[in-house]
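Novice: sequence below, structure please.
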Amino acid sequence: MPNASAADAFASTATDCVRGITSGRWTSEQMVRASLERAIAREEDLHAWACLGVEEAMKEARQRDRQTRRGLLHGLPIGIKDLSDTQALPTAYGSPAYAGHRPFMDAACVALARAAGAVILGKTATVEFGATRPCATTNPHNKLHTPGGSSAGSAAAVADGQILLATGTQTGGSIIRPAAFCGAVGFKPTFGALSPAGTKGYSWSLDTVGAFATCVSDVALFFDVLRGRDESTPLSSAGPAPRIGFFPGPFADRADPAAMAVLDQVAARCSRAGAMVRSPGWPGGFELSLDWHRTVSRYEMGRSLLPEQCSAQGGELGPTLLSEIERGRHVDDESYVRAKAASLDLAVTIEALMADHDVLLTLATPGEAPAGLASTGDATFNLSWSLLGLPCLSLPVARGPLGLPLSVQLVGARHGDRQLLEAAHWIERIASLPQLKES
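Specialist: Next up is the predicted model:
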């Protein structure tokens with residue numbers, strides 16, 4: 001059985017846990033066992049895992065305990081979204097069509113995590129191919145509510161205290177939305193900042209590997225690991241107040257009053273704490289960005305997932321996914337090129353806007369996680385930023401009227417990932433709010 005300190009470590013940060021392992025306060029084996037026990041005890045309700053590598057993780061933890069410090073995540077158990085290939089564990093991409101599939105090598109993000117000393121606890125549950133059919137994962141705060149998707153298992157497992165770090169992917173809102181619904185910190189880096197090699201996707205213009213954690217500093221650490229860095233510079237604890245662009249955007253009328261109230265209150269707190277908060281408005285064309293995203297993603301899905309549709313296992317794909325693949329096949333080249341060109345023009349305009357701001361403060365979701373598991377929720381407030389390839393972070397700041405997490409979304413400049421993380425770290429320290437009452 002794990003000692004109390006190993007179990008209690010999950011209330012700490014990933015950095016502190018690794019420091020505890022390397023100092024001998026606890027062992028990797030103790031931490032992995034504590035993590036597995038929590039995961040197994042909660043699995044009947046939460047269904048966060050596609051598979052848990054119990055024997056593999058324990059063996060790997062014992063190896064870490066025999067080694068000198070191997071890297072930034074030495075001995076720490078983490079989760080890997082089941083869209084990324086793992087040699088030691090099955091990878092089904094959330095689809096019955098790939099049941100029992102065993103890749104012959106790790107995805108880039110998995111190999112980099114292992115090189116940094118992490119122990120892969122298991123594969124977290126995902127929506128089929130990160131696209132349509134929801135998985136069985138439930139919200140850790142109320143199992144009758146969706147955890148979001150497609151990175152449902154990663155968000156739920158981190159928010160539930162089973163692990164401190166997990167990978168995710170986002171094409172539309174698949175990191176930001178589940179992080180917001182579950183109350184984790186979710187980070188989608190700049191498009192192309194992390195290697196997608198070995199991670200199943202369906203949109204070559206949008207698919208982005210990212211991360212989940214319980215705090216901004218841990219997400220920054222994991223980002224450095226996934227970039228292949230041997231060292232990680234801690235975020236500043238005394239940096240200047242950021243320049244914040246208050247950006248409800250043209251779709252704010254789709255948010256419920258609680259979500260808008262939280263956004264307003266976070267902006268007010270930041271202003272009182274010394275941040276410069278301005279409302280830049282939104283550039284022309286932004287209101288069309290949802291349509292452009294759907295055109296691009298459907299066109300690319302219709303071509304990327306055609307092999308699965310045509311294979312012998314194609315009949316095992318979900319009917320909604322098959323319908324979306326077919327719909328994507330009928331998006332014509334001209335519509336796709338127009339959407340791509342328009343999104344590039346919008347990106348140039350947003351880049352100019354970002355020159356005067358360190359971060360944009362905007363909505364992460366329309367509100368608390370909806371009841372029911374048939375849908376993963378509304379991605380309205382995520383699609384535009386995915387289309388533009390900008391780094392985004394979901395920051396939990398309050399509880400809504402139903403007692404479920406409410407988060408804000410922070411958006412940075414292209415390749416301004418570190419600047420975004422620094423601003424998020426500053427906002428995290430002053431933005432926590434109480435539970436809102438029902439109106």
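Novice: so what's residue 361 up against?
Specialist: Counting by Cβ atoms under 8 Å, 6 or more residues apart in numbering, residue 361 makes contact with 244-247, 263, 266-267, 270, 277, 408-410, 427. C-beta coordinates here come from the backbone N, C-alpha and C atoms, glycine included.
Novice: for it, name its beta-bridge partners.
Specialist: residue 246, residue 410 (DSSP bridges).
Novice: what are the boundaries of the strands in the stretch 251-400 of the chain?
Specialist: Along the stretch 251-400 of the chain, counting by DSSP state E, counting those that start in this stretch, strands occupy 276-278, 359-363, 392-399.
Novice: so for the first one, mean pLDDT?
Specialist: Predicted confidence along strand 276-278 averages 97 (mean pLDDT).
Novice: got the residue ranges for the helices in the stretch 1-150 of the chain?
Specialist: Along the stretch 1-150 of the chain, the stretches classed as helices by DSSP state H, counting those that start in this stretch are 4-8, 14-23, 28-46, 54-66, 108-115.
Novice: tell me what angle the longest one forms with helix 54-66.
Specialist: Pointing back at helix 28-46 there. Interaxial angle of helix 28-46 relative to helix 54-66 (axes from the mean of the first three to the mean of the last three Cα atoms, to 10 degrees): 150 degrees.
Novice: alpha carbons of helix 28-46, as CSV, please.
Specialist: C-alpha atoms of helix 28-46 as CSV (Å, rounded to 0.1, in the frame of the first residue of the first chain):
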residue,chain,number,x,y,z
SER,A,28,7.8,6.2,-8.3
GLU,A,29,6.4,2.8,-7.4
GLN,A,30,4.4,4.3,-4.5
MET,A,31,3.2,7.2,-6.6
VAL,A,32,2.1,4.9,-9.5
ARG,A,33,0.4,2.5,-7.1
ALA,A,34,-1.5,5.4,-5.5
SER,A,35,-2.5,6.7,-8.9
LEU,A,36,-3.7,3.3,-10.1
GLU,A,37,-5.7,2.7,-6.9
ARG,A,38,-7.5,6.0,-7.4
ALA,A,39,-8.1,5.3,-11.1
ILE,A,40,-9.4,1.8,-10.5
ALA,A,41,-11.7,2.9,-7.6
ARG,A,42,-13.3,5.6,-9.7
GLU,A,43,-13.4,3.8,-13.0
GLU,A,44,-16.9,2.4,-12.5
ASP,A,45,-18.4,5.9,-12.3
LEU,A,46,-15.9,7.9,-14.4
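Novice: model confidence at the closest residue to residue 235 other than its chain neighbours, what's the number?
Specialist: In space, and not counting its chain neighbours, residue 235 is closest to residue 425: 4.2 Å by Cβ to Cβ, 6 or more residues apart in numbering. According to the prediction, residue 425 has pLDDT 97.
Novice: list the buried residues of the helix or strand that contains residue 425.
Specialist: According to DSSP states H and E, residue 425 maps onto helix 417-430. Buried residues in helix 417-430, counted by 16 or more other Cβ atoms under 10 Å: 417, 419-428.
Novice: equivalent analysis for stretch 260-271, please.
Specialist: 260-263, 265-267, 269-270.
Novice: for stretch 351-365, same thing?
Specialist: Neighbour-count burial for stretch 351-365 flags 353-354, 357-365 (criterion: 16+ other Cβ under 10 Å).
Novice: same check, this time on stretch 325-340
Specialist: 325, 328, 331, 335-336, 339-340.
Novice: CA atoms only: put that stretch into CSV for me.
Specialist: Output of stretch 325-340 as CSV, limited to C-alpha atoms (Å, rounded to 0.1, in the frame of the first residue of the first chain):
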residue,chain,number,x,y,z
ILE,A,325,-17.1,11.6,-43.6
GLU,A,326,-19.5,11.4,-46.5
ARG,A,327,-20.5,15.0,-46.0
GLY,A,328,-16.9,16.0,-46.1
ARG,A,329,-16.4,14.2,-49.4
HIS,A,330,-18.9,16.5,-50.9
VAL,A,331,-17.2,19.7,-49.8
ASP,A,332,-15.8,21.0,-53.0
ASP,A,333,-12.3,22.3,-53.6
GLU,A,334,-13.4,25.8,-54.3
SER,A,335,-15.2,26.2,-51.0
TYR,A,336,-12.2,24.7,-49.1
VAL,A,337,-9.7,27.1,-50.7
ARG,A,338,-12.0,30.1,-50.1
ALA,A,339,-12.3,29.1,-46.4
LYS,A,340,-8.5,28.6,-46.1
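Novice: list the contacts of it.
Specialist: With Cβ under 8 Å, 6+ apart as the criterion, stretch 325-340 contacts 205, 291-293, 295-303, 305-306, 308-309, 317.
Novice: mind running it again at 10 Å?
Specialist: The set of residues external to stretch 325-340 that reach it, using Cβ atoms under 10 Å, 6 or more residues apart in numbering, is 129, 131-132, 202-203, 205, 288-289, 291-306, 308-310, 314, 317, 387.
Novice: please pick the buried ones from these.
Specialist: For the contacts of stretch 325-340, buried by 16+ other Cβ under 10 Å: 129, 131-132, 202-203, 205, 289, 292-305, 308-309, 317, 387.
Novice: the spatially closest residue to residue 228 that is not a sequence neighbour - how many residues pack around it?
Specialist: For residue 228, ignoring the flanking residues on the chain, the nearest one in space by Cβ to Cβ, 6+ apart is residue 112 at 5.6 Å. A total of 20 residues lie near residue 112 under the criterion other Cβ atoms under 10 Å.
Novice: dump the residue contacts of residue 112.
Specialist: By Cβ under 10 Å, 6+ apart, the residues touching residue 112 are 71, 73, 106, 118, 194-195, 225-229.
Novice: hmm, 8 Å instead?
Specialist: Residues in contact with residue 112 (Cβ under 8 Å, 6+ apart) are 195, 225-228.
Novice: quick one: which of the residues you listed has the most company?
Specialist: residue 225 (25 neighbours).
Novice: surely that residue touches residue 117?
Specialist: No - here residue 225 lies out of contact with residue 117, judged by Cβ atoms under 8 Å, at a distance of 9.2 Å.
Novice: okay, and the common contacts of these two?
Specialist: Common neighbours of residue 225 and residue 117 (Cβ under 8 Å, 6+ apart) are 71-73.
Novice: could you export the residues you listed as TSV, including neighbour count, distance to residue 395 and pLDDT?
Specialist: Listed next are those as TSV, based on neighbours: other Cβ atoms under 10 Å; distance: Cβ to Cβ, whole Å; pLDDT from 0 to 100:
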residue	neighbour count	distance to residue 395	pLDDT
71	19	27	95
72	22	23	98
73	28	22	98
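Novice: wait, which of the residues you listed is closest to residue 169?
Specialist: residue 73 (19.3 Å; Cβ to Cβ).
Novice: nice, that's everything, thank you.
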